[in-house]
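Visitor: Have a look; sequence and predicted model below, questions after that.
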Amino acid sequence: MRAKPDALTQAAALLARRLDQLGRVSDEPDRLTRTFLSPAMERANALVGGWMKEAGLAVREDETGNLIGRAESARSGARTFLLGSHLDTVRNAGRFDGPLGVLLPIVALAELRRRGVALPFAVEVLGFSEEEAVRFSGAYLGSKAYTGRLRVGDLDLRDARGNTLRAVIEAHTGTGKKFAPPARVHAPRDVLGYLEVHIEQGPVLESEKLPVGVVSAIACQIRGRLTFRGKAGHAGTTPMRLRRDALAGAAEFVLAAEAFARRQPQLVATVGTISVVAGAANVIPGETVLSLDVRHPLDAKCHEARTRLLALARRIARRRGLTVRWQPTMDHRAVACAPRLTSLLAQSVRAMQGRSLALVSGAGHDAVVMSTLTPVAMLFVRCRGGLSHHPDEYASPADLETALRVVVDFLERLAKRTET
Ligand code: HGY
Ligand code: MN
Ligand code: MN
């Protein structure tokens with residue numbers, strides 16, 4: 001007779017089912033896409049908010065769509081420990097990037113509640129409303145609002161339809177009140193720390209045959225828009241030698257940027273989107289806009305790469321009789337995870353899988369912004385082939401169970417350390 005699976009095995013299976021269910025809440029019929037304050041995000045918040053309530057959390061949603069589930073501590077004046085990640089997704093996303101870091105803590109807290117564990121600190125589980133910068137170009141809008149770092153200038157950001165961030169938020173709140181960026185929810189002295197559980201989105205844990213790992217640092221990340229301008233013209237009557245083709249110039253830059261990044265260890269540079277303004281098959285492109293994303297574990301190297309890539313763009317433009325303009329949309333320094341919190345997390349990882357590997361995150365996370373408020377730690381979960389930002393993104397139930405066991409153990413260790 002098979003032994004009845006223990007509570008955490010069952011909890012991990014519940015987590016996997018919930019990730020599948022949430023993964024079907026989308027703004028698009030045939031793929032997973034959830035963007036800032038979209039109808040799918042509202043449905044996602046309702047679904048996840050229900051699971052938070054089942055776990056005994058008091059649930060609220062702030063004006064920018066962040067979902068916040070809070071469990072008070074029996075101890076008066078107790079500080080708060082924060083766990084969370086984002087509920088928005090990229091286009092045609094996988095179902096783990098973001099939601100794993102929101103749903104796992106909910107299941108972990110439900111398990112501690114089932115065991116009758118009274119934590120000596122309050123806990124908040126955070127489902128941030130926007131991390132991916134798909135609808136608006138400035139990432140981390142949710143965690144910026146939560147930490148009081150959303151700026152009035154951010155409210156002028158426009159989505160693809162020309163709606164400002166301010167108008168979208170005010171339509172969402174429906175109060176008729178003018179939206180003003182909120183103050184931070186907690187003062188640093190009231191917060192114990194922040195833990196984000198996230199799929200690795202890379203190949204290291206799989207190559208090391210480890211279910212989970214701890215993050216030592218999050219890479220520097222610079223993003224912006226490059227606009228190449230030439231001269232539109234008739235595709236049939238303009239001789240090649242007389243053209244100033246903005247798309248051909250941009251295309252030359254895309255390949256030159258790839259070649260440049262290949263030569264620089266640990267640097268990654270990506271052109272993820274490119275568009276021709278008023279493009280048509282029989283018109284020579286007069287204006288082309290492309291996105292550029294540059295990352296490196298070291299700030300100095302990341303900024304140097306940005307400078308050299310922009311010089312490359314200008315050289316190509318000059319040679320082709322084009323102009324080029326750079327508009328930065330993001331510049332986040334590299335963030336080191338907090339050593340004490342990370343070493344406590346590593347103790348739980350060792351207890352669950354024997355050894356703990358530390359790795360640098362090339363991906364950005366809400367922990368970047370949360371580090372401005374409090375010490376942060378991150379737990380990475382192995383994902384198949386290191387694949388992410390793709391519908392085939394996958395973390396196995398066994399690895400979800402290991403991650404869950406680590407987080408429950410970590411919260412119990414943190415409780416012991418807080419009580420002493
Ligand atoms: O782009 C990133 O690193 C994250 O997925 N937002
Ligand atoms: Mn992502
Ligand atoms: Mn993410």
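Guide: Happy to help now that I have it. Ligands and ions are numbered 1, 2, ... in the order given.
Visitor: Point me to the residue of the stretch 51-200 of the chain nearest ligand 1.
Guide: residue 132 (4.9 Å; C-beta to the nearest ligand atom). In short, each C-beta sits where N, CA and C put it, glycine included.
Visitor: So that residue is in contact with residue 89, correct?
Guide: Yes - assessed by C-beta atoms under 8 Å, residue 132 is found in contact with residue 89 at 6.4 Å.
Visitor: quick one: which of these two has more around it?
Guide: Higher neighbour count among residue 132 and residue 89: residue 89, with 30 against 22, using other C-beta atoms under 10 Å.
Visitor: coming back round to it: any common contacting residues for residue 132 and residue 89?
Guide: Both residue 132 and residue 89 are contacted by 35, 98, under the criterion C-beta atoms under 8 Å, 6 or more residues apart in numbering.
Visitor: and the residue of the stretch 51-200 of the chain closest to ligand 1, what does it touch?
Guide: Residues in contact with residue 132 (C-beta under 8 Å, 6+ apart) are 35, 86, 88-90, 98, 139.
Visitor: That one in helix, strand or coil?
Guide: Classification of residue 132 by DSSP: H, G, I helix; E, B strand; the rest coil places it in coil.
Visitor: quick one on the thing from earlier: could you export the contacts of residue 132 to a markdown table, including columns for distance to ligand 3, secondary structure and pLDDT?
Guide: Below are the contacts of residue 132 laid out as a markdown table (distance: C-beta to the ion, whole Å; DSSP: H, G, I helix; E, B strand; the rest coil; pLDDT from 0 to 100):
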| residue | distance to ligand 3 | secondary structure | pLDDT |
| --- | --- | --- | --- |
| 35 | 14 | coil | 98 |
| 86 | 6 | strand | 98 |
| 88 | 9 | coil | 98 |
| 89 | 9 | coil | 98 |
| 90 | 9 | coil | 98 |
| 98 | 5 | coil | 98 |
| 139 | 10 | coil | 86 |
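Visitor: Write out the residues of the stretch 101-250 of the chain neighbouring ligand 1.
Guide: 131-132 (C-beta under 6 Å from any ligand atom).
Visitor: show me where the stretch 101-250 of the chain has helices.
Guide: 141-146, 165-173, 204-207, 246-263 (DSSP state H, counting those that start in this stretch).
Visitor: Give me the contact list for the third one.
Guide: In this structure, residues lying in contact with helix 204-207 by C-beta under 8 Å, 6+ apart are 211-213, 357, 359, 380-386.
Visitor: where does this protein have low pLDDT?
Guide: Scanning the chain for pLDDT under 70 picks out 1-4, 420.
Visitor: Would you tell me which helix is longest in it?
Guide: Among the segments of the chain that qualify as a helix by DSSP state H, the longest is helix 397-419.
Visitor: which of the helices of the stretch 101-250 of the chain sits most buried?
Guide: Neighbour counts (mean count of other C-beta atoms under 10 Å) averaged over each of the helices of the stretch 101-250 of the chain peak at helix 141-146, with a mean of 28.
Visitor: got the CA positions of that one in CSV?
Guide: The C-alpha trace of helix 141-146 is given here as CSV (Å, rounded to 0.1, in the frame of the first residue of the first chain):
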residue,chain,number,x,y,z
LEU,A,141,5.8,49.8,-11.7
GLY,A,142,4.2,47.6,-9.0
SER,A,143,7.2,47.2,-6.7
LYS,A,144,8.1,50.9,-7.3
ALA,A,145,4.6,51.9,-6.1
TYR,A,146,4.9,49.6,-3.0
